[in-house]
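Visitor: the following comprises the amino acid sequence and a computationally predicted model.
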Amino acid sequence: MKTLHRRFCRITASATVAVALAGCSLFAPKSETVTVNSIPQGADVWVGGKCFRTPCAVELPCGENASLSIRKEGYHPYNKRLFVTLGSCGMMDVIGGCICLVPFIGLASNNGSHTFEEHAVVAVLVEKEP
């Protein structure tokens, strides 16, 4: 009976640690890639003081909203705000945090726990009147 109890305790402890650390955002990537394109292509994409040219892939830090400004000569500018939401890793942090408190540290770090609602932006630029 003691052996069965020890085995049960070991399995329970192992499962608890596995679930607790499985979603820990501390180990998740600290940035995310968002693809940006425009019609017509070749527009400048301004984000965080950096400039890219469409089509492009922009690496953005997780956990904070981002603003994009897409501009091309002869066209009206296109501005887009990207919002973050609690991602799957963050959800695992919440579930694991209910079992033991370790994953809540990942949520507090605000890095890998959140993800962008959109991972692709296509801007249709409108031509200016002559």
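Guide: Yep, that arrived.
Visitor: rest of the way, CA atoms for contacts and neighbours
Guide: Will do.
Visitor: contacts for the strand ranked longest in the chain?
Guide: When the chain is parsed with DSSP state E, its longest strand is strand 31-39. Strand 31-39 is contacted by residues 45, 54-62, 111-112, 115-116, 118-125 when judged by CA atoms under 8 Å, 6 or more residues apart in numbering.
Visitor: now do the buried residues in that strand.
Guide: Across strand 31-39, burial judged by 16 or more other CA atoms under 10 Å covers 31, 32, 34, 35, 36, 37, 38.
Visitor: okay, these in JSON lines with pLDDT and distance to residue 77 next?
Guide: Below are the buried residues of strand 31-39 laid out as JSON lines (pLDDT from 0 to 100; distance: CA to CA, whole Å):
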{"residue": "31", "pLDDT": "80", "distance to residue 77": "26"}
{"residue": "32", "pLDDT": "84", "distance to residue 77": "24"}
{"residue": "34", "pLDDT": "92", "distance to residue 77": "19"}
{"residue": "35", "pLDDT": "93", "distance to residue 77": "18"}
{"residue": "36", "pLDDT": "95", "distance to residue 77": "14"}
{"residue": "37", "pLDDT": "96", "distance to residue 77": "14"}
{"residue": "38", "pLDDT": "95", "distance to residue 77": "11"}
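Visitor: now render these as CSV, adding distance to residue 130.
Guide: Converted to CSV, the buried residues of strand 31-39 look like this (distance: CA to CA, whole Å):
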residue, distance to residue 130
31, 41
32, 39
34, 33
35, 31
36, 27
37, 25
38, 21
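Visitor: circling back to that earlier point, now intersect the contacts of strand 31-39 with the strands, please.
Guide: 45, 56-61, 115-116, 120-124.
Visitor: spatially, which two of those are the most separated?
Guide: Greatest spacing in those, by CA to CA: 61 and 124 (25.2 Å).
Visitor: burial check on residue 79, number of neighbours?
Guide: 13 (other CA atoms under 10 Å).
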